[in-house]
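>>> Here is a sequence together with a model predicted from it:
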Amino acid sequence: MRKFILSLLWIFLIFPIKVRAADEPPWQRFIKNGVYTEDIVLYGRSNQCADIVIEITKSGGDKEGEYRYSSDNGRNWSDIKVIKCTSDIALFSTEPPVSDLGVKVRFLSGAGFEKGERYEIHAPITYDTQEGINVGEGKVRVSSEDIIYNDSYKIFIKITRSGALGEGAFSYSEDGKKYSEDITIPQSGAVSMYDGKVTVTFWCGSGRFLVGDEYRCEIKGDMSKRNYTPYILAIAGAAFFVMYLVYSHLSSMKDKLDNYVLYEYTRVEGKKNRALSKRRQY
């Protein structure tokens, strides 16, 4: 029995099972020649908006072919790397400053990669979405085109009518208590919220959403990357205005004091003069 199990493990190592992405949402698959492809799959949650392009620079499969990638739609490219189908590959920004995009890609074994081929995918900033009572086959992703710095956002979603895209309906809440009116899930699956700052994308593949499905997500702003310049300028302007008022007040007080001293001096001299004139009369 032990030999049989070891033999199976050896077979799996020699002939790795091809991980298909047919059940993955389209936002995790690359586009090749205008259609979604399963040859390369995206994993993880992106922490930066990126237009990722992978270009094959040498034909071949696992440990034979070569590629390079760009995170800014082809303006800047990474170094040429060898295709490895047995591991996930972390992607880094190819435009300064270099930083981890938070996502990985996997080249699926068995696929043929030809020199000059390009695979493209748009990776917006995505947030961790939790499923509550989930009985259907639908998935939801919450994302945005830019990092949100201000208030935190909470989104609670409930499926209120079963169905696929264009059929099912949902309602949402910001506090988990008061929910909106029912909204039909659009055929595109994308719903804009918070004045366009947040996009909620529904996907159910060949299945459908069912009443009872719940999703929730909390978005916290990244204050470390916030631009404080307007606030600094506003504070500096207010401080300058206060200093101006204080200076004006002190200047006016100084003028009053000088006038008062001059007035007293004149009055005293007047008394002295009158006293002198009386003495002369005697």
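On my side now, so go ahead.
>>> Give me the pLDDT for residue 51.
On pLDDT, residue 51 comes in at 95.
>>> how about it, what does it touch?
Contacts for residue 51 (Cβ atoms under 8 Å, 6 or more residues apart in numbering) come out as 70-73, 120, 122-123. Where you see a C-beta, it was placed from the backbone N, CA and C, and this is true even at glycine.
>>> again, only using 6 Å
Residues near residue 51 by Cβ atoms under 6 Å, 6 or more residues apart in numbering: 73, 122.
>>> how far does whichever helix or strand it is part of sit from the chain's center?
Assigned by DSSP states H and E, residue 51 belongs to strand 50-58. Taking Cα atoms, centre = their mean, to the nearest Å, one finds strand 50-58 lying 22 Å from the centre of the chain it belongs to.
>>> Use 24 as the first number from now on
Okay, using 24 as the starting number, the last item reads as strand 73-81.
>>> Any buried residues in that strand, and which?
73, 75-80 (16 or more other Cβ atoms under 10 Å).
>>> Return the closest of those residues with respect to residue 167.
residue 73 (13.2 Å; Cβ to Cβ).
>>> Kindly provide the distance from that closest one to residue 165.
17 Å (Cβ to Cβ, to the nearest Å).
>>> Starting from residue 269, give me the distance back to the closest residue to residue 139 other than its chain neighbours.
Closest residue to residue 139 apart from its sequence neighbours, by Cβ to Cβ, 6 or more residues apart in numbering: residue 79 at 6.5 Å. Separation of residue 79 from residue 269 (Cβ to Cβ): 69 Å.
>>> per-domain residue ranges of this protein.
41-146, 149-248 (automatic domain parsing).
>>> any chance of these in CSV, with distance to residue 261 too?
Output for the domains of the chain, formatted as CSV (distance: least, Cβ to Cβ, whole Å):
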stretch, distance to residue 261
domain 41-146, 33
domain 149-248, 21
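>>> Quick one, which of the ones you listed gets closest to residue 258.
Across these, closest to residue 258 is domain 149-248 (Cβ to Cβ), at 17.0 Å.
>>> Pick out the residue nearest the middle of the chain.
Nearest to the geometric centre of the chain sits residue 170, at 3.2 Å (Cα atoms, centre = their mean).
>>> Next one: that residue from residue 201, what distance?
Applying Cβ to Cβ, the value for residue 170 to residue 201 is 28 Å.
>>> Check residue 147 too.
Applying Cβ to Cβ to residue 147 and residue 201 gives a distance of 28 Å.
>>> Those two: who's more crowded?
Taking residue 147 and residue 201 together and counting by other Cβ atoms under 10 Å, residue 147 has the greater number of neighbours (18 against 9).
>>> And the pLDDT at that one?
pLDDT at residue 147 comes out at 92.
>>> Same question for residue 252.
Value listed for residue 252 in the pLDDT field: 72.
>>> For it, grab the count of nearby residues.
When neighbours are defined as other Cβ under 10 Å, residue 252 has 8 of them.
>>> same thing with residue 202?
When neighbours are counted by other Cβ under 10 Å, residue 202 registers 16.
>>> try residue 208
25.
>>> Enumerate every residue touching it.
By Cβ under 6 Å, 6+ apart, the neighbours of residue 208 are 188, 191, 225.
>>> Which single one of those is nearest to residue 86?
Nearest member of the contacts of residue 208 to residue 86, counting by Cβ to Cβ, is residue 225, at 38.7 Å.
>>> OK, contacts around the closest one?
163, 208, 212.
>>> would you turn these into TSV with pLDDT and secondary structure?
Below are the contacts of residue 225 laid out as TSV (pLDDT from 0 to 100; DSSP: H, G, I helix; E, B strand; the rest coil):
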residue	pLDDT	secondary structure
163	94	strand
208	96	coil
212	94	coil
